[in-house]
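> Predicted model and sequence follow; I will ask about them next.
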2 protein chains.
Amino acid sequence: MLTASICTIGDEILIGQIVDTNKSYISSALNTAGIKVISHLTTGDDENSIESTINSALSSSDIVIATGGLGPTKDDITKRVLAKISGNSEMFYDSKQLEIIKSICLKREVLLSDLNKDQALVPVNCTVFQNSFGTAPAMKFIIGDKLLYSLPGVPYEMQHLIELVIKDIETLGRCEKIIHHSFNSYGIPESELAQKLSEWEDNLPKGFKLAYLPNPAKGVKLRLSVYDGEELSNKETIKGLFNELKGILGNSLYGEGEDTLESVVSKALAERGETLSVAESCTGGNIGRIFTSIPGSSSLFKGGITAYDNSAKTDILGVDPGIIEKFGAVSEECVVAMAISVKKMFKTDWSISTSGIAGPDGGTDEKPLGTLWIAVSGPNVLVTKKSVYFGDRERNITRFSSGAVDFLRKTMGVELNFINV
Amino acid sequence: MLTASICTIGDEILIGQIVDTNKSYISSALNTAGIKVISHLTTGDDENSIESTINSALSSSDIVIATGGLGPTKDDITKRVLAKISGNSEMFYDSKQLEIIKSICLKREVLLSDLNKDQALVPVNCTVFQNSFGTAPAMKFIIGDKLLYSLPGVPYEMQHLIELVIKDIETLGRCEKIIHHSFNSYGIPESELAQKLSEWEDNLPKGFKLAYLPNPAKGVKLRLSVYDGEELSNKETIKGLFNELKGILGNSLYGEGEDTLESVVSKALAERGETLSVAESCTGGNIGRIFTSIPGSSSLFKGGITAYDNSAKTDILGVDPGIIEKFGAVSEECVVAMAISVKKMFKTDWSISTSGIAGPDGGTDEKPLGTLWIAVSGPNVLVTKKSVYFGDRERNITRFSSGAVDFLRKTMGVELNFINV
């Protein structure tokens, strides 16, 4: 099995100023492609340390992926070290990357500086993977029988480039065939899921492994990995396992692979030719933001009212001030009025409304911190739900929002019934 | 200066199942205590790899902090390796930790199993730091003239124990005083900043180092680090350097340390007793979300209208349909109408409006993908701005939003004028 080490470069990582998410992202991508990651290494922006770290990684694994240290500022010295490791310190301008840099400068309306231009300067011994989303390209070096890739550290750029890198590694024909298939669930906490699935998990066929990947916005992803056996029969087995899982978890299963709560809801709305609006209090616009993140959503997501302040609830959404006075803004009566009103204002088929206490202040004995009221109004249906979450403000807003989208999903009757392996 | 390496242990990190936040936390804590972190290393749950990783870290730094691999399940073999490295594989039960384990089991209403009990079993060559918040204690080994600490990987438990570890290190009397101070800028790309600051950076006093940390939502953070000299005079020097920086960058400097665009704007609104509303098209509620993330923002952020669909712009915000017909929804005329309307509807002092093309479709020659129109309306002021960004849909929405918040900031005249070192 091909082995890999990941080296990330940057003083900002070593002083703890940022959490380095690149290693986790790359590890997951390599793993999915059947490449085993055996170590993570991080070093500062220091020439000797970079050199010794990369050399040590090269000595222990088949592939080394380095990120960071390629920016235009002078603390970025990685390229010089890579050239040295490759045995030739000469550099040349990669013309395609230079064109990209020019067009980026043009779009940003900044002059093409020497610093920008030098981003296209690469060691002669490397193969360039152009970076369409930034100025620094990725590079590949062949060092003896090892492969060394260097990528920019900006997560967004790295994430596009790592796909090219993995495709390149796959051309070696030495990656093993690992099948990963994920089933996405929402609404059951990880520990409870593990209990519900304990017996099923113990009886998984040989070579099958289950992992739980929890995420506050997406629920718990259940990832099946298959390391042995025939691809075709494994896929048939996965279909059978899905039916068993569906029997245990029911409509808590909402998708597979990269599906999100909002993507399955959007797809269902589009198929039915229906539309959505939102009236948000505590979520402050985040549910709108979630649906907006889906390309082409403007045909189904019409918009919404963020009524963060009570006066906005009464003046804009027309909630009866008596409701707020009698029941409070965080109440079933208030979210019902909000959902009905926004649906009428935006002339949509569906609407969601939220009102809750995100914290850190505002909780009471009766309505503790983390309390959320949701209402969903649709064609011939009006339902409400109360939940209490435990988290800080940021996490509560995230969970409030995904909880509301999930409630819409269940009210619409959207669930995972067939899978594509 | 004392140097440290951090080793984290666990297969779940190497397959990318979790983002390892411990390294960043420990780095920041050590750095603040004046200990220089020179490398991060991660290895899987494999005896040989753990041994060679820890030995390699011991060979290059004065202090090694290891986390993880101390849980009760069978893949946790760290303790055995540590005993081996310390030169004596014998173990004993730490009676104080055993008491803690018993009381935890009692609280959780589970029986004290052998697995639990063995959590108190530690190598004879170590000093124990009891863990009051979990079952696995921290351990300290003296290996030649180096110090090796092992902590559990659960972030919450580790965070309590690292304080004890740092106090222990400080008794050596060899920690130096490192000062870090960050200045936060927005609106100037990293490469252009580097050019503007090139001469200034070259003339920084001895022992001062500058780093650029770009972030799509926050702009570029400029971090000054001071490794030498007297604390008091260094702080005075930083104040002087700030004044120079301010002279070069002007109102692009918006904050220091953990300040964000939205936090400085919110603070200014609160101080002035003014309020804000938003009318969002392409940002879909994200600007609202950004302001909602600040605790207590309900007194200044009243809410907003997400008018994602054109009908919402005309029907809810009352934008003249003739404007959209003549100039399009992504136009100066449209954002002006949106900003004026939402400010009136929510009766606020300030309003922001956005309309743009986030992609991936919808761009034209005249209005390319990434085009954003912003309007800001305030007491006696109405200004507009057009920008073109370059990214995928997610990134464009993030940059559109921070660009709009920054435009509000500049229109309000909020900038960084004094610093607290």
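Okay, I see it. Residues are numbered from 1 along each chain as shown, chains lettered A, B, ... in the order given.
> low-confidence ranges in the stretch 51-200 of chain A?
Counting by pLDDT under 70, the ranges of the stretch 51-200 of chain A that qualify are A:73-76.
> now with 90?
Across the stretch 51-200 of chain A, the ranges flagged by pLDDT under 90 are A:69-77, A:104-116, A:156, A:172-180, A:188-196, A:198.
> in it, which spans are strands?
Assigned by DSSP state E, counting those that start in this stretch, the stretch 51-200 of chain A shows strands spanning A:63-67, A:91-93, A:121-123, A:127-129, A:138-143, A:146-151, A:179-185.
> For the first one, give me every contacting residue.
So the one you mean is strand A:63-67. Residues from elsewhere that reach strand A:63-67 (Cβ atoms under 8 Å, 6 or more residues apart in numbering or on different chains): A:2-9, A:22, A:26, A:30, A:35, A:54, A:57-58, A:78, A:82, A:146-153, A:158, A:162, A:165, A:169. C-betas here are computed from N, CA, C, even on glycine.
> Turn the strands of the stretch 51-200 of chain A into CSV, including mean neighbour count.
Putting the strands of the stretch 51-200 of chain A into CSV (neighbours: other Cβ atoms under 10 Å in any protein chain shown) gives the following:
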stretch, mean neighbour count
strand A:63-67, 27
strand A:91-93, 14
strand A:121-123, 20
strand A:127-129, 17
strand A:138-143, 20
strand A:146-151, 24
strand A:179-185, 21
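> what's the burial count for the spatially closest residue to residue A:179 that is not a sequence neighbour?
Nearest in space to residue A:179, with sequence neighbours left out and distances taken as Cβ to Cβ, 6 or more residues apart in numbering or on different chains, is residue A:226 at 4.3 Å. With neighbours defined by other Cβ atoms under 10 Å in any protein chain shown, the count for residue A:226 comes to 21.
> Could I get the pLDDT score of residue A:226?
On pLDDT, residue A:226 comes in at 86.
> Domain ranges for chain A, per the record?
Partitioning chain A according to automatic domain parsing yields domains covering residues A:3-170, A:179-256, A:262-412.
> Most tightly packed of those?
Most buried of these by mean neighbour count (mean count of other Cβ atoms under 10 Å in any protein chain shown) is domain A:262-412; its value is a mean of 22.
> end-to-end on that one?
12 Å (Cα to Cα, to the nearest Å).
> Next: stretch A:168-185.
End-to-end distance for stretch A:168-185, by Cα to Cα: 33 Å.
> chain center to that stretch: distance?
19 Å (Cα atoms, centre = their mean, to the nearest Å).
> now do stretch A:2-18
Relative to the chain's own centre, stretch A:2-18 is displaced by 20 Å; criterion: Cα atoms, centre = their mean.
> what's the span of it, first residue to last?
Counting by Cα to Cα, you get 30 Å between the two ends of stretch A:2-18.
> For chain B, tell me whether that stretch is touching it.
Yes: using Cβ under 8 Å from any Cβ of the partner chain, stretch A:2-18 reaches chain B at A:8, A:11-18.
> Could you do stretch A:92-105 as well?
Yes: for stretch A:92-105, a contact with chain B is found by Cβ under 8 Å from any Cβ, at residue A:104.
> picking that back up, in helices, which of the contacts of strand A:63-67 fall?
A:22, A:26, A:30, A:54, A:57-58, A:78, A:82, A:158, A:162, A:165, A:169 (DSSP state H).
> of those residues, list those near chain B.
Answer for these near chain B (Cβ under 8 Å from any Cβ): A:26, A:30.
> Kindly indicate which of the ones in helices among the contacts of strand A:63-67 lies nearest residue B:186.
Among the ones in helices among the contacts of strand A:63-67, residue A:158 lies closest to residue B:186 (Cβ to Cβ), at 22.8 Å.
> For the nearest residue to residue A:332 once chain neighbours are set aside, what are phi and psi?
Computed as Cβ to Cβ, 6+ apart, the closest residue to residue A:332 that is not its neighbour in sequence is residue A:384, at 5.0 Å. Dihedral angles of residue A:384 (phi, psi; degrees, to the nearest 10) stand at phi -130, psi 160.
> What of the one 4 residues further on?
The phi and psi torsions at residue A:388 (degrees, to the nearest 10) take the values phi -130, psi 120.
> Can you name the residues that contact it?
Taking Cβ under 8 Å, 6+ apart as the test, what residue A:388 contacts is A:368, A:370-372.
> looking at it, residue A:151 is touching residue A:162, isn't it?
Yes: contact criterion Cβ atoms under 8 Å: residue A:151 and residue A:162 qualify, at 6.6 Å.
> Once you drop chain neighbours, what's closest to residue A:293?
Excluding its sequence neighbours, the residue lying closest to residue A:293 (Cβ to Cβ, 6+ apart) is residue B:394, at 6.1 Å.
> Quick check: which element contains the one you found?
helix B:393-412 (DSSP states H and E).
> Now do that helix: which elements does it pack against?
The contact analysis (3 or more Cβ pairs under 8 Å, 6 or more residues apart in numbering or on different chains; DSSP states H and E) places helix B:393-412 against helix B:261-272, helix B:286-292, strand B:350-356, strand B:371-378, strand B:381-388.
> what would those look like in a markdown table with mean pLDDT?
Shown next, in a markdown table, are those (pLDDT from 0 to 100):
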| stretch | mean pLDDT |
| --- | --- |
| helix B:261-272 | 97 |
| helix B:286-292 | 97 |
| strand B:350-356 | 98 |
| strand B:371-378 | 98 |
| strand B:381-388 | 96 |
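> Put together JSON lines for the ones you listed, with distance to residue A:356 on each row.
Below are the helices and strands packed on helix B:393-412 laid out as JSON lines (distance: least, Cβ to Cβ, whole Å):
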{"stretch": "helix B:261-272", "distance to residue A:356": "20"}
{"stretch": "helix B:286-292", "distance to residue A:356": "11"}
{"stretch": "strand B:350-356", "distance to residue A:356": "25"}
{"stretch": "strand B:371-378", "distance to residue A:356": "30"}
{"stretch": "strand B:381-388", "distance to residue A:356": "34"}
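> The ones you listed: which one's closest to residue B:342?
Nearest of the helices and strands packed on helix B:393-412 to residue B:342, taken as Cβ to Cβ: strand B:350-356 at 4.9 Å.
> hmm, the closest one touching chain A?
No: Strand B:350-356 does not reach chain A (Cβ under 8 Å from any Cβ); its nearest approach is 11.2 Å.
> And residue A:213, which helix or strand is it part of?
Residue A:213 belongs to strand A:208-215 when assigned by DSSP H and E.
> Which other helices and strands does that strand contact?
Against strand A:208-215 (3+ Cβ pairs under 8 Å, 6+ apart) you get helix A:190-202, strand A:219-226.
> So which other helices or strands are in contact with the last one?
In terms of contacts (3+ Cβ pairs under 8 Å, 6+ apart), strand A:219-226 is packed against strand A:179-185, helix A:190-202, strand A:208-215, helix A:231-249.
> Ok, which of the ones you listed comes nearest residue B:117?
Residue B:117 lies closest, by Cβ to Cβ, to one member of the helices and strands packed on strand A:219-226: helix A:190-202, at 22.6 Å.
> Just the angle for that closest one relative to strand A:208-215, thanks.
170 degrees (axes from the mean of the first three to the mean of the last three Cα atoms, to 10 degrees).
> tell me the angle of helix A:190-202 relative to strand A:219-226?
Using the same axes, to 10 degrees: helix A:190-202 against strand A:219-226 is 20 degrees.
> near chain B at all, helix A:190-202?
No: with Cβ under 8 Å from any Cβ as the criterion, chain B is not reached by helix A:190-202; the gap is at least 12.2 Å.
> Name the residues that touch that helix?
With Cβ under 8 Å, 6+ apart as the test, helix A:190-202 has contacts from A:185, A:188, A:210, A:212, A:214, A:220, A:222, A:244-245, A:248-249.
> try it again with 10 Å
Identification of contacts with helix A:190-202 by Cβ atoms under 10 Å, 6 or more residues apart in numbering or on different chains yields A:185, A:187-189, A:204, A:208-210, A:212-214, A:219-220, A:222, A:241, A:244-245, A:247-249, A:252.
> I'd like the contacts of residue A:388 written out as TSV, with distance to chain B added.
Formatted as TSV, the contacts of residue A:388 follow (distance: Cβ to the nearest Cβ, whole Å):
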residue	distance to chain B
A:368	17
A:370	14
A:371	16
A:372	14
